[in-house]
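Enquirer: Coordinates for the following, if possible.
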Amino acid sequence: IKAIATLSLVFSFIMAPSGCGVQSEITDTTTFAGSEETSTENAVTTTEAPDLPETNMNGKTFTFFTERWDNYAPIDIDDLTAEEINGEILNDRAYERQKNIEERFNCVIEQLSYNNSDFNQLLNAISAGEDAYQIALFRATHFNKLLTSGYLSALDTIPYLDLEADWYDTNSFETLRVLGRNLGIVSDITMTTNKMVGCTYFNQNMAEDYGIGDIYDLVDTGKWTWDALYSFGQLAASDLNNDGKFTIDDRFGFSYINDIPVCLLQSGGVTFATLDKDGIPTITFAEESNISKMEKLWNILADTATSYNVHQRSVNYNRDEVGIFIDGHALFTLAGIYYAPQFRDMKDDFGIIPLPKYDEEQDSYRSPVFTSTFIITGVPVTNNDPENTGMIIEELAYEGYRDIRPAFYDVTLQGKITRDDISNRMLDLIFSSTCYDPGLAYDFGNINSTMAKHISKLTGNFASSFASIKDKAQTNIDKMIEEIESTQN
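Expert: Below is the predicted model:
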């Protein structure tokens, strides 16, 4: 987001390659070596509200299609609507926003939530020409299908949308902008995408026990790298029950889930595709420098006495994703922000830091957003009232930025979860350096499936597998461009 104003901080962004944001405005004396990010403490800012006309929409209902993810509650879209005030600040802010907008414009905001396996509900309605859903909040894994089917309206044709405003994520704007056309964007209508930002949690008590030193200082000085993660992890790894096997009952240097290896690659500077100045994608995953980094990371992950992939090795991975860390069986856990609320009752103190850089020479920390599950805001082409729809989207996103973002960030994360001021500063760093990769977002050549196979088997030989899909990836790009041009003309 070009500028993020919360109760205690403000960010200003400049664009970085491959959809990463870094800060350009410094108002605190703390500077991160190897990064352009800084933290603004105790700053209060105001942002001008969108200039929308006072309009009576005569009780019109705006139905949102929203998408869950495998019924996994921690990443649900639970802050768009609310039935009543219940004392939970995110719920209450969502309720107040909804009622404010409904009363101001004399309209109704309705949310119909579907599991990701029921995404065809949206596709079928649009295909049939039905104006069943005026706005869609869908997972990125489905963007390509909607895009190439001509099912989304160009957002720059929707009245009243200011896509460069603070309540839209500029990094996503650039990454999702193929051929200069913006058919989807990450917005502050919901905070769900913020839950999907990758980060590192560490057990502070365990770090002290092993004499690791000040991990925050490691981040500040630009020395939080893949090598640091691995070397510290080796110190902590232990076969606790001395049975010669490393299982969930032992202690690991770090735990992770299937999404994380690709996130680590992104945090280490690997790109899978980039967009040129005309918005045309270029495949980059097969470049030698990227393959070299992949091979190094896979060598680290292959040490299964130090690393533990919960999805691959646990029989109860929904519990053990967070349980292995809560129970003190991992020094680090590499995960998403959505883990944090689940650590509220953890006995040991913990800290939050970014995912590590590839090495100390890397310019800045990068915080990838989980590719398949982040939320894109789009308008179906069947919407027959773009003017009023634009007002509703703009006001929802603005009030989300103004009221719900501070509740999510300052109260839910800082007030209830993080347990020291430095962790709060690390959150500033994490959220100011979000990354999106068009190669992953559009899944050129089924690159996500290819990477999933490498992750499940911890196999290398990337050059060979990429060679087998590179032509397909380019064909995907050519076809996508052709279909976008034909459907948007």
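Enquirer: Outside of the helix or strand harbouring G253 itself, list whatever touches it.
Expert: In the assignment (DSSP states H and E), G253 maps to strand 252-256. For strand 252-256, contacts defined as CB atoms under 8 Å, 6 or more residues apart in numbering pick out 229-230, 232-237, 246, 305-310, 324-325, 329-335. Bear in mind the C-beta positions are built from the backbone N, C-alpha and C, glycine included.
Enquirer: would you list every one of the helices in the stretch 201-350 of the chain?
Expert: With helices called from DSSP state H, counting those that start in this stretch, the stretch 201-350 of the chain shows them at 204-209, 215-220, 226-236, 260-267, 288-301, 310-313, 317-326.
Enquirer: before we move on, the earlier item: which ChimeraX command selects the buried ones in the contacts of strand 252-256?
Expert: Those of these that count as buried under 16 or more other CB atoms under 10 Å are selected in ChimeraX with:
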select :229,230,232,233,235,236,237,246,306,307,308,309,310,324,325,329,330,331,332,333,334,335
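Enquirer: what about the strands in the stretch 351-489 of the chain?
Expert: Under the criterion DSSP state E, counting those that start in this stretch, the stretch 351-489 of the chain contains strands at 367-368, 375-378, 434-435.
Enquirer: Give me the mean pLDDT for the last one.
Expert: By that I understand strand 434-435. Strand 434-435 carries an average pLDDT of 90.
Enquirer: Ok, the first one next?
Expert: The pLDDT scores in strand 367-368 average 96.
Enquirer: The second one now?
Expert: Taken as a whole, strand 375-378 carries a mean pLDDT of 96.
Enquirer: Check the secondary structure at F65 for me.
Expert: Secondary structure, DSSP: H, G, I helix; E, B strand; the rest coil: F65 is strand.
Enquirer: Nearest to L163, out of the strands of the stretch 351-489 of the chain?
Expert: Across the strands of the stretch 351-489 of the chain, L163 has its closest neighbour in strand 375-378 (10.3 Å, CB to CB).
Enquirer: on contacts alone, who are the packing partners of the closest one?
Expert: Under the contact criterion of 3 or more CB pairs under 8 Å, 6 or more residues apart in numbering; DSSP states H and E, strand 375-378 touches strand 135-139.
Enquirer: Within the sheet, what are the partner strands of the strand it packs on, with directions?
Expert: Partners of strand 135-139 in the sheet, by DSSP bridges, are strand 60-67 (parallel), strand 375-378 (antiparallel).
Enquirer: if I look at the residue nearest to T190 when sequence neighbours are not counted, how far off is L218?
Expert: With CB to CB, 6 or more residues apart in numbering as the criterion, T190 has its nearest non-adjacent residue at 5.0 Å, and that residue is I77. Remark: distance between I77 and L218 (CB to CB, to the nearest Å) = 35 Å.
Enquirer: Between these two, tell me which one has more neighbours.
Expert: I77 (23 against 17; other CB atoms under 10 Å).
Enquirer: Would you confirm that that one belongs to a strand?
Expert: No - using three-state DSSP, the secondary structure at I77 is coil, not a strand.
Enquirer: Could you double-check that it sits in contact with S187?
Expert: No - between I77 and S187 there is no contact, the gap being 11.8 Å when judged by CB atoms under 8 Å.
Enquirer: quick revisit: give me the distance from the strand holding G253 to the chain's centre.
Expert: For strand 252-256, the separation from the chain centroid amounts to 21 Å (computed by CA atoms, centre = their mean, to the nearest Å).
Enquirer: now it and helix 260-267, what's the angle there?
Expert: 90 degrees (axes from the mean of the first three to the mean of the last three CA atoms, to 10 degrees).
Enquirer: Could you tell me the angle between strand 252-256 and helix 226-236?
Expert: 130 degrees.
Enquirer: which residues does the residue sitting nearest the centre point of the chain contact?
Expert: What sits nearest the mean C-alpha location of the chain, by CA atoms, centre = their mean, is V369, with 2.7 Å. Applying CB under 8 Å, 6+ apart to V369 gives the contacts 193, 196-198, 434-436.
Enquirer: Which helix runs longest in this structure?
Expert: Longest helix of the chain, by residue count under DSSP state H: helix 462-488.
Enquirer: re earlier: pick the most buried one from the strands paired with strand 135-139.
Expert: Neighbour counts (mean count of other CB atoms under 10 Å) averaged over each of the strands paired with strand 135-139 peak at strand 375-378, with a mean of 26.
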